[in-house]
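Participant: Below is the structure, and that's it, no one-letter string:
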């Protein structure tokens, strides 16, 4: 028996494409993000979702809240779905990061690089996979939503596909997209990737 987990990236936020928000607090959804979250919530409202989990970041929680509401569910915060700890990079603009050789190393060697003052991709994937496996064990035969962040979802997908982390940037996980994972005692299987339901 396995659980079906909807891996959902939080909707667009006010710093998207400008800053590496990381674990900073109070990074709100943008107007576009609010619209994305509402559309995804409406479209998922007809599916039998048993539980909704989210990263503790505001942008993930607000996306999850919209998804949970049609089902009469409360959002469950799971620290395993938390954004990568980007350490010293959190809050920096992408223009600033372009001048940092460590940033280029991070993006070229995700399997071995570490964020300065933060965590490695392997550590982030390890905690996310552990969280997803705990969720799956609690919801055998059910469908649940897990709202997280771009690279956390990328890392989870790579983990269950057996894809080296150095190849993590070979596929996209767009804001408010849905990737479907079946997870149980026999391991994980990616059923769909980066569905943009709001288009």
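Facilitator: Received the coordinates, thanks. A quick note: this is a predicted structure, and the numbers were derived from the prediction, not measured. Residues are numbered from 1 along each chain as shown.

Participant: Can you tell me the element residue 192 falls in?
Facilitator: strand 187-195 (DSSP states H and E).

Participant: repeat for residue 107
Facilitator: Assigned by DSSP H and E, residue 107 falls in helix 101-108.

Participant: residue with max distance from the center of this protein?
Facilitator: residue 99 (26.6 Å; CA atoms, centre = their mean).

Participant: Helix, strand or coil: sort out that residue for me.
Facilitator: Following DSSP: H, G, I helix; E, B strand; the rest coil, residue 99 is assigned to coil.

Participant: before we move on, the earlier item: what is the mean pLDDT for the following helix or strand past the helix holding residue 107?
Facilitator: Using DSSP H and E, the helix or strand that follows helix 101-108 in sequence is helix 121-138. Mean per-residue pLDDT for helix 121-138: 98.

Participant: if we can go back for a sec, buried sites along the helix holding residue 107?
Facilitator: Going by neighbour count (16 or more other CB atoms under 10 Å), the buried part of helix 101-108 is 103, 106. Quick note: C-beta positions are derived from backbone N, CA and C, even for glycine.

Participant: same thing with stretch 69-80?
Facilitator: Per 16+ other CB under 10 Å, stretch 69-80 contains these buried residues: 71, 73, 75, 78, 80.

Participant: Equivalent analysis for stretch 148-165, please.
Facilitator: Judged by neighbour count (16+ other CB under 10 Å), stretch 148-165 contains these buried residues: 148-160, 163, 165.

Participant: Select from these every entry located in helices.
Facilitator: When DSSP state H defines the helices, the subset of the buried residues of stretch 148-165 inside them is 150-160.

Participant: Is it possible to get TSV of those that adds distance to residue 23 and pLDDT?
Facilitator: Output for those, formatted as TSV (distance: CB to CB, whole Å; pLDDT from 0 to 100):
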residue	distance to residue 23	pLDDT
150	14	98
151	13	97
152	12	98
153	16	98
154	17	98
155	16	98
156	18	98
157	21	98
158	21	97
159	21	97
160	24	97
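
Participant: Of these, which pair is most distant in space?
Facilitator: Maximum pairwise distance among these (CB to CB): 16.5 Å, between 150 and 160.

Participant: Got phi/psi on residue 50?
Facilitator: phi -90, psi -20 (degrees, to the nearest 10).

Participant: my guess is residue 24 contacts residue 91, does it?
Facilitator: Yes: if you go by CB atoms under 8 Å, residue 24 and residue 91 touch, sitting 5.5 Å apart.
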